[in-house]
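Asker: need coordinates for the below:
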Amino acid sequence: MEDTRNLVDELKGKSNEEVFSELERRREELEVAIENVSHDFNVGTIVRSANNFNARAVHIIGRRKYNRRGAMCTDKYLTVKYWTNTRSFLDDQKKRGREIVAIENNSELVKGGLLDKKFIQATTLVFGSEGEGISGELLRECDDVREIESLGSTRSVNVGVAAGIAMYEWYRGTR
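Answerer: Purely as a prediction, here's the structure:
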């Protein structure tokens, strides 16, 4: 029987548990956090991208439910942690010595463009809802706040797209 899951060839034919174990063995130090993203499909897209970069974990802060169809079942292959409040998430991150980098375009706290960011391995990228962005409580606690440079007439890209761009820049910058 053919394995029709969207997996790289080396993982085809393995059980979900075996796929998770194999990926766990070679996880990257990247983590991703999503705070109250209002469009469920965006959360699924971010989870799928996090899986593509073999992120150590995805943190969902606030609302717990999301449309898993956008994740294309990739949430089975990485750790998804739920946080009911921002403080608990921040305490966890700081205790583990992670650099928290917010991707935001609507804040006086933005320190510059993503292109100029010098990433460290143990980074957690934070994304917020498209309308409200990342909460002030979370933004003030981030180690760095960056925006994705815009070359056209729109000031931002979709949050799912922004997450993919930021994860790639982390990957590129840590190699």
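
Asker: who are the neighbours in contact with residue 10?
Answerer: Contacts for residue 10 (Cβ atoms under 8 Å, 6 or more residues apart in numbering) come out as none. Every residue, glycine included, has its C-beta placed from N, CA and C.

Asker: all helices of the protein, in order?
Answerer: Per DSSP state H, the chain carries helices over the ranges 16-25, 40-52, 86-95, 136-141, 159-173.

Asker: and those: which comes nearest residue 150?
Answerer: When these are compared by Cβ to Cβ, helix 159-173 sits nearest residue 150, at 10.8 Å.

Asker: residues making contact with that closest one?
Answerer: Contact with helix 159-173 is made by 28, 30, 32, 37, 39, 41-42, 45-46, 49-50, 52-53, 55, 70, 101, 103, 114-115, 117-119, 123, 125, 127-130, 146, 148, 156-157, as judged by Cβ under 8 Å, 6+ apart.

Asker: count of residues packed around residue 140?
Answerer: 12 (other Cβ atoms under 10 Å).

Asker: can you check the pLDDT for the closest residue to it other than its chain neighbours?
Answerer: Spatial nearest neighbour of residue 140, chain neighbours left out: residue 109 (7.2 Å); criterion: Cβ to Cβ, 6 or more residues apart in numbering. On the pLDDT scale, residue 109 is placed at 92.

Asker: which residues does residue 109 contact?
Answerer: 102, 139, 140, 142, 145.

Asker: most neighbours among the residues you listed, which one?
Answerer: residue 102 (28 neighbours).

Asker: does that residue touch residue 147 like I think?
Answerer: No. With contact defined as Cβ atoms under 8 Å, residue 102 does not reach residue 147; the gap is 9.5 Å.

Asker: quick one: residue 51 and residue 77 touch, right?
Answerer: Yes. Shown here, residue 51 and residue 77 form a contact pair, counting by Cβ under 8 Å, at 5.6 Å.

Asker: where does this structure have low pLDDT?
Answerer: 38-39, 63-73 (pLDDT under 70).

Asker: middle-most residue in it, spatially?
Answerer: Nearest residue to the geometric centre of the chain (Cα atoms, centre = their mean): residue 32, 2.9 Å.

Asker: how about residue 149, phi and psi?
Answerer: phi -60, psi 140 (degrees, to the nearest 10).

Asker: in this model residue 115 seems to touch it, though I could be wrong.
Answerer: Yes. Residue 149 is in contact with residue 115 according to Cβ under 8 Å; the separation is 5.9 Å.

Asker: centre of the chain to stretch 99-114, how far?
Answerer: Computed by Cα atoms, centre = their mean, to the nearest Å, the chain-centroid distance of stretch 99-114 equals 15 Å.
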